[in-house]
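*Asks:* Return atomic coordinates for the entry below.
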Amino acid sequence: MCHNTETHENYESTEEDCEAAGHVWVDDEDHGEEMCHNTETHEDYESSEEECESAGHVWMEHEDHNLPEIHADRVTHILSFPEEDHGDD
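*Replies:* Here you go, the predicted model:
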């Protein structure tokens, strides 16, 4: 499992591709239905929702950490710049 440290999303990948994308490789362990995500260490751990939120971490229900596969090599970025009037008169 690969963890994107910017979006805090986990996705299927190889360890090599994950690290090449600048993300963190985590062992794909069988977790319970509900997890807590520590946004500083990027580790997921079992906890109650109340304990997780009181620790300042992000509560994730089962569907939140079972995300579709994302391919880092297919991400595109669009830059836009304001048009300036370059009048030649």
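
*Asks:* contacts and neighbour counts: CA atoms only from here.
*Replies:* OK.

*Asks:* Relative to Thr7, how far out is His37?
*Replies:* 12 Å (Cα to Cα, to the nearest Å).

*Asks:* So for these two, which sits in the more crowded spot?
*Replies:* His37 (21 against 8; other Cα atoms under 10 Å).

*Asks:* Okay, helices next: where are they in this structure?
*Replies:* Assigned by DSSP state H, the helices in the chain fall at 15-20, 49-54.

*Asks:* now the ones you listed in a markdown table, with distance to Val26, mean pLDDT and mean neighbour count?
*Replies:* Rendered in a markdown table, the data for the helices of the chain read as follows (distance: least, Cα to Cα, whole Å; pLDDT from 0 to 100; neighbours: other Cα atoms under 10 Å):
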| stretch | distance to Val26 | mean pLDDT | mean neighbour count |
| --- | --- | --- | --- |
| helix 15-20 | 8 | 90 | 14 |
| helix 49-54 | 20 | 90 | 14 |
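
*Asks:* of all these, which lies closest to Thr41?
*Replies:* Thr41 sits nearest to helix 49-54 of all these, at 13.9 Å, using Cα to Cα.

*Asks:* Determine the set of other helices and strands touching that closest one.
*Replies:* Packed against helix 49-54 by the contact rule (3 or more Cα pairs under 8 Å, 6 or more residues apart in numbering; DSSP states H and E) you find strand 35-38, strand 58-60.

*Asks:* mind running it again at 6 Å?
*Replies:* For helix 49-54, there is no helix or strand it packs on, judged by 3 or more Cα pairs under 6 Å, 6 or more residues apart in numbering; DSSP states H and E.

*Asks:* So which residues make contact with that helix?
*Replies:* Cys36, Trp59 (Cα atoms under 6 Å, 6 or more residues apart in numbering).
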